[in-house]
Structure formats: C-alpha cells, structure tokens
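Trainee: Fold the following for me, if possible:
(one chain, ligands or ions: 1)
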Amino acid sequence: MPTFQTVRGMRDLIGEEAQTFTRIFANARKTADLYGFKEVITPLVEPMELLSAKSGEEIRQRMFIFEDLGKRQVALRPEFTASIARLTTTALRNEPKPLRLFSVGTVYRYDEPQKGRYREFWQSNYEIIGSAKPEADAEIVLLTDSLMASLGLQGYAFKIGHVGVIRGILTQEGVDDKTQNAVFQRMDKKEYDAAMELLESRKTRQMLRGLIEIKGKDWQDTVEQIKTYVAGYEKAEEAAQNLSEILKLVTCGANLTVMVDPAFARGLEYYTGMIFEIYIPELEIALGGGGRYNRLIEVFGGEPTPAVGCAHGIDRVAIALQTQKTILDGKGGKKVAVIPISEALKSEALKIAQTLRSEGLTVEFEVMGRKMAKALEDADKRKIDYAVIVGERELKEGAVMLKDLSSRQQTTVSIKDLASKIKS
Ligand code: AMP
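Mentor: Numbers count the residues shown, from 1 in each chain. Now for the predicted structure:
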C-alpha cells in the first residue's frame, strides 16, 4: 500500500498545535467583538476574474487556479480582501458605512515552502470600509496590538510606512504607474539596486536612495525627517502628514513600539496609504500586516470607497508563541478521567462524567472497558490531572475516589463536592 502525504506546502495540525490554532481563532474573534467587527464567512473558491481583478501581478502568479466541471475558471482565495470587496459592492451595498468586517480561515498561495511559509495558511482578517480618516487606520493598528497582547506575545514591534511618500515622489518625477509597481515589488524584497535600475532619472534615483537611509526608533523624529526630505513634493508631504496623524492617534491609544520606515513597501499593489507589519525580535518573518486601499472597491464596480484593513498570519503567530514558550490558557485547565471499577458501574460513572462536564471540566470517560491499572497508566501517559474512580462501596455513600495523578494521592470525595474540589 502506498503511504499518502499532504500536498506540498500544506499540513495537518494535530493535538496541541491544533489547539493553539483554535485558541488563536478564539482570541481573534474576541478582538473582532471588542472593536465592533461583524464576522462574514465567504467561499474558499471564488471566480478567477474576481481574484485577478484585484490582486497585483505578484499574487496572480501564485494562485491555485482550476476549471470546475461547468468549465468555469475558479481559484482558491489567496487572501480575503477580494471577497470582502465583492460583498461591499453587492449584498452589503446599502449598509450604512463604515462597515467593520472580520473573517478567519485558510488562504492559498503557491509560495516556496519554508519555515513560516506555506501554501495553505490561516489568516484573521479585519477591514474597515467607508472611512478615509486616520482614525480608521489607527483602529486597525490598535486591534492588531490588542490581539497580540491578548495572546501574551512579548516584545513585538510595528513597522509602519506610507506608500504615498514614494508614489508622491515618483509621480511628480513622471514615473508611470506600471514602473512604480515594479519599483515597489523590488523594494518589498529589499532589492534596492534592482529598484533603482528601473528609474531613468538620476535625480529620482538619488531621492529614493536618500529616503531608504531615513530610519529611526523615535517616530516623531523620523516623521519630521521625512517631511523635511520630501519638501516640494506635494503629495509626498501630504502622505507624511497623514502618517504623522495616524501615529499620533495610535500612540495615544496604546503604548506600542513603532518603527517608521519610509522605504517600506508591501507586496500587494493596491495599497494607497499607510502600511504596516508586525514582528517579534526572535523571528524575521512578519506576523501580520495591512494598510489602506482607497481605490480597490471601485475596481469591483462600486462607488469610490476608502478602506483600510489587515491580516494576521495565524501559522506564524503560532510559531511566535512557541518560540517564546507561551502556552495559551485553555477553557478550564484541569483534565479528568472517569473510570468505573466494574462493568456494572458504567452508567453511574457516565452520570458523574456528565455532571463534571456540565461544570465546565474536560472529562474523558473510559470507553475501552479496561482494568483500573491499565486505564490509570494510560491517563498518566496522556497527562490527565485527576482520575475519578467509581466504586461500589463509595457510591453507596454518594462518593467516589479522587486520585491526583501528579501527587498520586487518593481521597474519598462526595459527588456533590467533586467538581469544586477538582477546580480548586
Ligand atoms: P498579506 O495577506 O500578504 O498582507 O499577509 C498577511 C500575513 O499573512 C503576513 O504578515 C504573514 O503573517 C501571513 N502570510 C503571508 N504569506 C504566508 C505564507 N505563505 N505562509 C504563512 N503565512 C503567510
């Protein structure tokens, strides 16, 4: 018999790893709730035209595309934003703005697999649609901070830039949009020399080189440097001012670590304003990112509608938690095995298991009909905290034996006190 494996770049999540993921989903949903985002669940498969209308060349080349049996060209979503834009111009067209929409699920990109880079991966995605104000940009950054903080991540920092700074310079220097997109793609990969080669004028190249040099830990100081540097490039000045307003709001809302980088570019072409990514010091890969995209909705036939959003890479957040040895709290903590001493007591034992479950405890009821010693040995191996041993003698007194599997101590406990005793 052949042994089957997952498709390259795709993984099974088993046991603790699966549990970490579901806990991250729960925190992402809670964060959505705290910021007033409504969840939407959209199809994994979308029309090919929808996805390619929006995504830039970069993503288009990495999509999983196929023809369905009705000869339709379809693709697995490479991100959520296209589906959200479709909803905005159809089912949610008449909803009052702003829309605050949240999704969580898998996305698919034909990336080269490596640590933290998969072909199927999970994202939590948040979009605010209908506001051009810096307040909306600030909300997106702040909710990312709230999510990371709620997970217990330590030492994370935001890298923030604004595509309007570079676009402002390039447009005023007469560089066409296509070349600008190509420049951004190179800069995203930090291939600065390759980016420069695309620019004909020496002055433009010098401007861009100078911009790459501007960096700093103090955001106010860095933004001032940018403003001075781009003086005379009207759109770039406006972008720097916008970035400054967003950062003022963000740093009022939370105590975050921000690094401003005016030469920062993100792969997706549709950004028009602020862009950001989030990192922890131990890892070089971004845990999430996003930005403003004011012209995207009209690509789908809607009214021009400003929007800002972000997506967090849940697989990478899980790696970050593991790297920092952070274990997410489960719902109740303690695990219990309920084991009857004899076959005749299994109904009584099941009743006790159900009572404990209704108290919120995780209970594994003995389903293998094993002898006590075997069942206890197995519970031990699987790191169960307590065994509830149901025996005839104790039952007559309305009690059971409770064995603490770490200290090996065993006491008789009345059934009515059992749940509180385990929880304490
Ligand atoms: P993007 O949709 O490109 O803005 O990416 C948002 C986040 O998704 C990134 O910051 C990563 O955390 C995550 N991400 C992007 N590509 C991958 C991938 N191939 N594998 C795992 N996570 C990814």
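Trainee: Could you report the neighbour count for the residue of the chain found nearest the ligand?
Mentor: The chain approaches the ligand most closely through residue 313 (2.1 Å), counting by CB to the nearest ligand atom. (Each C-beta comes from the backbone N, C-alpha and C, glycine too.) The criterion is other CB atoms under 10 Å. On that basis, residue 313 has 23 neighbouring residues.
Trainee: which residues touch it?
Mentor: 116, 121, 122, 123, 285, 286, 287, 288 (CB atoms under 8 Å, 6 or more residues apart in numbering).
Trainee: If you average pLDDT per helix and strand, which one of this protein comes out bottom?
Mentor: helix 57-60 (a mean of 71; mean pLDDT, DSSP states H and E).
Trainee: Next SSE downstream of it?
Mentor: Sequence-wise, the next helix or strand beyond helix 57-60 is strand 65-67, with elements assigned using DSSP states H and E.
Trainee: what does that following strand rub up against?
Mentor: The contact list for strand 65-67, computed with CB under 8 Å, 6+ apart, reads 48, 73, 74, 75.
Trainee: swap the cut-off to 6 Å and go again
Mentor: Around strand 65-67, the neighbours that count as contacts under CB atoms under 6 Å, 6 or more residues apart in numbering are 48, 73, 75.
Trainee: So which of those residues sit within strands?
Mentor: 73, 75 (DSSP state E).
Trainee: List only buried entries from the contacts of strand 65-67.
Mentor: In the contacts of strand 65-67, burial by neighbour count holds for 48, 75, counting by 16 or more other CB atoms under 10 Å.
Trainee: pLDDT and distance to residue 418 added to the contacts of strand 65-67, as TSV?
Mentor: Converted to TSV, the contacts of strand 65-67 look like this (pLDDT from 0 to 100; distance: CB to CB, whole Å):
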residue	pLDDT	distance to residue 418
48	91	58
73	94	60
75	95	54
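Trainee: Just give me the closest of the contacts of strand 65-67 to residue 220.
Mentor: In terms of CB to CB, no member of the contacts of strand 65-67 lies closer to residue 220 than residue 75, at 43.6 Å.
Trainee: So in terms of bridging, what pairs with that closest one?
Mentor: With beta bridges defined as DSSP bridges, residue 75 has these partners: residue 46, residue 65.
Trainee: got the contact list for it?
Mentor: If a contact means CB under 6 Å, 6+ apart, then residue 75 has 48, 51, 63, 65 as its contacts.
Trainee: Neighbour-wise, which one of the residues you listed leads?
Mentor: Neighbours here mean other CB under 10 Å. Within the contacts of residue 75, the largest count is held by residue 51, at 25 neighbours.
Trainee: Roughly how far does the residue of the chain closest to the ligand sit from residue 42?
Mentor: 19 Å (CB to CB, to the nearest Å).
Trainee: can you check residue 36 too?
Mentor: As defined by CB to CB, residue 36 lies at a distance of 20 Å from residue 42.
Trainee: same thing with residue 350?
Mentor: Distance, residue 350 to residue 42, using CB to CB: 41 Å.
Trainee: that older thread, any chance of TSV for the contacts of residue 313, columns distance to the ligand and pLDDT?
Mentor: Shown next, in TSV, are the contacts of residue 313 (distance: CB to the nearest ligand atom, whole Å; pLDDT from 0 to 100):
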residue	distance to the ligand	pLDDT
116	6	96
121	4	98
122	8	98
123	5	98
285	7	96
286	4	97
287	5	98
288	5	98
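Trainee: in a strand, that's where residue 388 is, yeah?
Mentor: Yes - per DSSP: H, G, I helix; E, B strand; the rest coil, residue 388 lies within a strand segment.
Trainee: so it sits right up against residue 338, yeah?
Mentor: Yes - taking contact to mean CB atoms under 6 Å, the distance of 4.6 Å between residue 388 and residue 338 places them in contact.
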